[in-house]
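Q: need a 3D model of the sequence below.
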Amino acid sequence: MNFDTTTIILIVVVLIGIAIMVLGIRAQRNAPKVERRTDESGDPYVASRERPYMAPPPRAPSQGAGVADEVATAATDVAGEVLGVDVHRGPAGPADDLRQLKGVGPKFVARLNELGITRFDQLAGLNANEVAHLDERMGPFQGRLSKDRVIEQADLLARRDIETFEERFGKLGG
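A: Residues are numbered from 1 along each chain as shown. Sure, this is the predicted structure:
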């Protein structure tokens, strides 16, 4: 059997395609299961079995929002669904006083609010990748999430474990 260069290249391309397909199927099989739900108002949101997903904040219609904005929003929603990540995380109730976190002042809180974080449970529910992504977007406060152990503090306050919080971080409000 005599193979020319074109045949060998074609066989290599087919084998690479099969390998990519197998890896894609394996990754899809291992992805968290996503289910559609609605919140109290009937708005759809996504939840995974590993972690409940909070409803996205209502989007106010902005003046001059055009097709590009709608496409960007749709792409973000689809990317989150396909990749199995939370792309929206809106408040599930009234905002918490994030200034209770040690090392967090009004400007730090304002930056968190700009990024959609208004509650302790939002911070506490972030996984390591989400914390890293949030930290990248913190501007002048980059690195402070880990330095001040903000996620750990938020977790304790979200669970209302004031005793442990005060043991580890000092008197609350003081």
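Q: can you pull the buried residues of the helix or strand hosting residue 135?
A: Using DSSP states H and E, residue 135 sits in helix 128-136. For helix 128-136, a neighbour-count test (16 or more other C-beta atoms under 10 Å) marks 130, 134, 135 as buried. All C-beta spots, glycine's among them, are computed from the backbone N, C-alpha and C.
Q: tabulate those (a markdown table), appending distance to residue 98.
A: Formatted as a markdown table, those follow (distance: C-beta to C-beta, whole Å):
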| residue | distance to residue 98 |
| --- | --- |
| 130 | 17 |
| 134 | 13 |
| 135 | 16 |
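Q: got a pLDDT number for residue 15?
A: For residue 15, the pLDDT comes out at 92.
Q: before we move on, what SS does it have?
A: The three-state label given to residue 15 by DSSP: H, G, I helix; E, B strand; the rest coil is helix.
Q: next up, the contacts around it.
A: If you count contacts by C-beta atoms under 8 Å, 6 or more residues apart in numbering, residue 15 has none.
Q: hmm, who's touching the helix or strand hosting residue 145?
A: Using DSSP H and E, residue 145 sits within helix 144-147. With contacts defined as C-beta under 8 Å, 6+ apart, helix 144-147 is touched by 103, 108, 131, 134, 135, 138, 150, 151.
Q: buried stuff in the helix or strand that comes right after it?
A: Moving toward the C-terminus from helix 144-147, the next helix or strand (DSSP H and E) is helix 150-158. Buried residues in helix 150-158, counted by 16+ other C-beta under 10 Å: 150, 151, 152, 153, 154, 155, 156, 157, 158.
Q: so after helix 150-158, what's the next helix or strand?
A: Counting by DSSP H and E, what follows helix 150-158 is helix 162-169.
Q: need the contact partners of that following helix.
A: 102, 149, 152, 153, 156, 157, 172.
Q: ok, now stretch 149-156?
A: In contact with stretch 149-156 (C-beta under 8 Å, 6+ apart) are residues 101-104, 120-124, 126, 131, 144-145, 162, 164-165, 168-169.
Q: hmm, 10 Å instead?
A: 96, 98, 100-104, 108, 112, 117, 119-126, 128, 130-131, 134-135, 138, 141, 144-146, 161-169, 172 (C-beta atoms under 10 Å, 6 or more residues apart in numbering).
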